[in-house]
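Asker: next input, structure requested:
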Amino acid sequence: MAMSAKIGRIGDLYMELVNREMLERLMKTKGASQRQLAAIAGWKSHTYMQRLIRGEVKTLSTDPALRIAHHFGVPVDLLFLTRMDINPGHTGQKNKTKAA
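Answerer: Okay, the predicted model is just below:
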């Protein structure tokens with residue numbers, strides 16, 4: 001999937017969703033669905049957006065975070081914190097599924 005951008009180099013930036021409730025309120029106010037917001041973020045699937053809203057994941061790449069904030073007309077730091085990668089194996093969007 002296109003939404004699993006690797007951010008593995010030390011010093012790379014990623015975003016952390018810190019105000020999930022505000023994101024949900026903005027979506028409700030603007031009448032934006034998870035699918036619509038995922039498309040605005042540039043994702044082909046809405047699954048990662050669902051996981052962000054549920055709190056299952058907190059991180060995403062910078063571009064989708066900027067697109068989301070711009071769509072709602074709010075400062076990026078209202079919803080997200082900018083983080084710098086200090087672990088070479090980190091990815092901005094983690095898929096923590098365990099094999100059964």
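Asker: any idea what the residue sitting nearest the centre point of the chain is bridged to?
Answerer: The chain has Leu60 as the residue nearest its centroid, 3.7 Å off, counting by Cα atoms, centre = their mean. Counting by DSSP bridges, Leu60 forms beta bridges with Met15.
Asker: what does the pLDDT read for it?
Answerer: pLDDT for Leu60: 95.
Asker: which SSE is the closest residue to Glu16 other than its chain neighbours in?
Answerer: Excluding the flanking residues, the one nearest Glu16 by Cβ to Cβ, 6 or more residues apart in numbering is Leu81, at 4.7 Å. In this view, the C-beta of every residue, glycine as well, is placed from N, C-alpha and C. Taking DSSP states H and E as the criterion, Leu81 maps to strand 80-84.
Asker: please apply the same query to Gly11.
Answerer: Going by DSSP H and E, Gly11 is not in any helix or strand.
Asker: from Leu37, how far off is the residue lying closest to it once chain neighbours are set aside?
Answerer: Take Gly11 and drop its neighbours on the chain: the residue closest to it by Cβ to Cβ, 6+ apart is Met84, 6.2 Å away. Separation of Met84 from Leu37 (Cβ to Cβ, to the nearest Å): 25 Å.
Asker: neighbour count: the two, which is higher?
Answerer: For Met84 versus Leu37, neighbours defined as other Cβ atoms under 10 Å are more numerous around Leu37 (23 against 10).
Asker: what about the helix or strand encompassing the more buried one, average pLDDT?
Answerer: Assessed by DSSP H and E, Leu37 sits inside helix 34-41. On average, the pLDDT along helix 34-41 is 96.
Asker: great, nothing more from me.
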